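Novice: Quick one, structure for this:
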Amino acid sequence: MAETGDGFGRAQLSRRSVLKYGSIGAAALGLAACSSTAGPGASSGSGTGGAKSDTLTIWTWAGASVIEAGFNAVKATSKDFAGFKANIQTVAANDYATAEKFSLALSGGTALPDILQLNYTEMPQFAAAGALEELSAAYAPYSTDLYAGALQVAKYNNGFYAFPGSLNPKLFYYRSDLFAEAKIDPSSIQTTDDYIAAGMQFHRKFPGQYIMNLNTEPQPYVFGEMISAYAPISFASSDGKYQITSSPGFEQVFGFLRQIRDSKIAYPVDDFTTDWPSAIKSQKICGYLGADWIDEFLPGYATLSQYGKWRAIPWPALSPMANQEYGSDAGGSLFVVPKGARNGQAAIEFLKQWRLSPEGSLASFNANGILPLNKTTASSVISSLSTAKRPSATSQTDWLELPQHYFGSDYIATKLQAMNRVKVFGYDPSAVKEWSSIVSDWLTKLLSGSASVSAALAGMQQDMETQVGNPYANA
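Specialist: Below is the predicted model:
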């Protein structure tokens, strides 16, 4: 279903993203003609420095078709880019590898892209190194209209360095029919003990079925979604001293994950393993405590046999942890503009029109379904969904499996509201190494039972101290 994956092991931006709403349709925007131009005499306008025709080179790891649709939506609505083409290159299999390719280009002095897609995880290392354009001027006209989460993921160290491609707020997905039959009101779950009790009650009512899934090798985002609720929080303080064993948030999150495993309320399979989709289809997994990108996968896994049975609400607060309604899965996908890019100013202007301006983001939404970041567009988005008709090129199955249908009429409003609750973990310039290996290793030891909570925290801190050192030393 999805085009490729990112560094956390999940895939993103499926082919269905370009079908999500269908209210404009591919033909109206010429989505198949990404390399076409309006002719050699077309003017690009003052926003792009007066160039009459040029090409924006965009490096991505996933979602080329979605970026293509966004580019053509801006071209169709803005005279500034009438003469521009896009050279969209899928340069790696995930965000980590894309960041590595960019690092090599910087060190080797080779050609840089005009636009680079990252996750928030990798952005700090390049912002701290001075390799990215600072974007405060682009944000100034729009900042009061943007969801709080958009402003969060655009920043590093109080500067703006990225345009959010998407946000990843947290939502709790659950089988409303089965929860009702088990007499569980998900909105009444407030504490960690409430959640464990609900999981046990559900499993007693439906032996062999569970309100979530978790095994011994979870993706690091399982931890990241919970610890981000404590923001501002980071592995190390600004002087490079790690604080994993001294900051209570890490202990609380590790303790809750271990409590879930020990209580056996989770079906023992991890996300994006071979058995995960089939466990959803066979109704062994009847809930998902995660980020909203799951709506690209869950309908296809569960199939239309579960249509109309899944709903989503904000995460439970899960006291005594920090309020778990807040946080995110690595913030979201970002687009940055490298310093020294050939068309850097044109890239900034394009991204501003695509992701910050209400007009451009609405046009893009109608082309590829990526939700705008502007609060003032919410009513237009919701209204367009209520009147949208199935495009002839979209099958009935694909249409019904789109999130706004599959999860109920209030789902998109729920997602939009959640964008104000996005918080971002304090990723530092060594985040890739910290998260891709050290966090993963100690999550496995914790959940397999080979390390206690305190031992796992101490081991994770020691590994970061010895394998990474001061993460800010070379920033």
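
Novice: Measure how buried the closest residue in space to Pro403 that isn't next to it in sequence is and give me the count.
Specialist: Spatially, and ignoring its direct neighbours in sequence, Pro403 is nearest to Asp295 (3.9 Å; CB to CB, 6 or more residues apart in numbering). For every residue, glycine as well, the C-beta is placed using N, CA and C. The local packing of Asp295 (other CB atoms under 10 Å) involves 24 other residues.

Novice: Test my guess that Asp295 contacts His405.
Specialist: No - assessed by CB atoms under 8 Å, Asp295 is found out of contact with His405, at 10.8 Å.

Novice: got the residue ranges for the strands in the stretch 51-200 of the chain?
Specialist: Here the stretch 51-200 of the chain has its strands, by DSSP state E, counting those that start in this stretch, at 54-60, 84-90, 115-119, 155-156, 159-160, 163-164, 170-175.

Novice: rounded to a whole number, what's the mean pLDDT of the fifth one?
Specialist: On average, the pLDDT along strand 159-160 is 96.

Novice: by contact count, what packs against it?
Specialist: helix 136-139 (3 or more CB pairs under 8 Å, 6 or more residues apart in numbering; DSSP states H and E).

Novice: Alpha carbons only: can I get the helix it packs on in PDB?
Specialist: Extracted C-alpha coordinates of helix 136-139, given in PDB (Å, rounded to 0.1, in the frame of the first residue of the first chain):
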ATOM      1  CA  SER A 136      11.500  33.400  10.400                       C
ATOM      2  CA  ALA A 137      10.700  35.900   7.600                       C
ATOM      3  CA  ALA A 138       8.600  33.200   5.800                       C
ATOM      4  CA  TYR A 139       6.600  32.500   8.900                       C
END
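
Novice: in that helix, what counts as buried?
Specialist: Ala138, Tyr139 (16 or more other CB atoms under 10 Å).

Novice: what do you get for stretch 375-390?
Specialist: Across stretch 375-390, burial judged by 16+ other CB under 10 Å covers Lys375, Thr377, Ala378, Val381, Ser384, Leu385, Ala388.

Novice: Could you count how many residues lie near the residue nearest to Gly469 when sequence neighbours are not counted?
Specialist: Nearest residue to Gly469, sequence neighbours excluded (CB to CB, 6+ apart): Gly240, at 7.5 Å. Residues contacting Gly240 under the criterion other CB under 10 Å number 16.

Novice: same check, this time on Pro268
Specialist: Per other CB under 10 Å, the neighbour tally for Pro268 reads 15.

Novice: pretty sure it is in contact with Leu214, am I right?
Specialist: Yes - shown here, Pro268 and Leu214 form a contact pair, counting by CB under 8 Å, at 7.4 Å.

Novice: circling back to that earlier point, next, the contact list for the residue nearest to Gly469, please.
Specialist: Shown in contact with Gly240 (CB atoms under 8 Å, 6 or more residues apart in numbering): Gly469, Asn470, Pro471, Tyr472, Ala473.
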